[in-house]
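S.K.: sequence? don't have it. structure:
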């Protein structure tokens, strides 16, 4: 007689993976919130901060 598959293990593993992914996302969001300035405004990038374009100019 064949053994009955252990679906409970698979379900529990799936739930653990889902919870771990949610926790990682939550921690990432919190880290981004913590590094943001307290007044809520993002610093504006100046024109000198942009990287030069690697594509040649069109003629």
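M.R.: That came through fine. All values derive from a computational prediction rather than experimental measurement.
S.K.: Now the most centrally placed residue in the chain: which helix or strand?
M.R.: In the chain, the centroid-proximal residue (CA atoms, centre = their mean) is residue 25; its distance is 5.7 Å. Residue 25 belongs to helix 7-35 when assigned by DSSP states H and E.
S.K.: tell me which strands and helices that helix is in contact with?
M.R.: Contact partners of helix 7-35 among helices and strands, from 3 or more CB pairs under 8 Å, 6 or more residues apart in numbering; DSSP states H and E: none. To be clear about C-beta, it is placed using only N, CA and C from the backbone, and glycine gets the same treatment.
S.K.: please begin residue numbering at 44 from this point
M.R.: OK, 44 is where the count begins now, so the last one is helix 50-78.
S.K.: Sort out which residues of it are buried, please.
M.R.: Residues of helix 50-78 classed as buried: none (neighbour count, 16 or more other CB atoms under 10 Å).
S.K.: Just give me how far it sits from the chain centre.
M.R.: In terms of CA atoms, centre = their mean, to the nearest Å, the gap separating the centre of helix 50-78 from the centre of its chain is 11 Å.
S.K.: Which pLDDT value goes with the residue nearest to the centre of the chain?
M.R.: Here, the pLDDT recorded for residue 68 equals 98.
S.K.: quick one: it and residue 62, what's the gap?
M.R.: As defined by CB to CB, to the nearest Å, residue 68 lies at a distance of 11 Å from residue 62.
S.K.: Could you do residue 49 as well?
M.R.: 20 Å.
S.K.: now swap in residue 69 and tell me
M.R.: 10 Å.
S.K.: Residue 82 sits in which helix or strand?
M.R.: Using DSSP H and E, no helix or strand contains residue 82.
S.K.: Count the residues that sit near it.
M.R.: Residue 82 has 6 neighbours, counted by other CB atoms under 10 Å.
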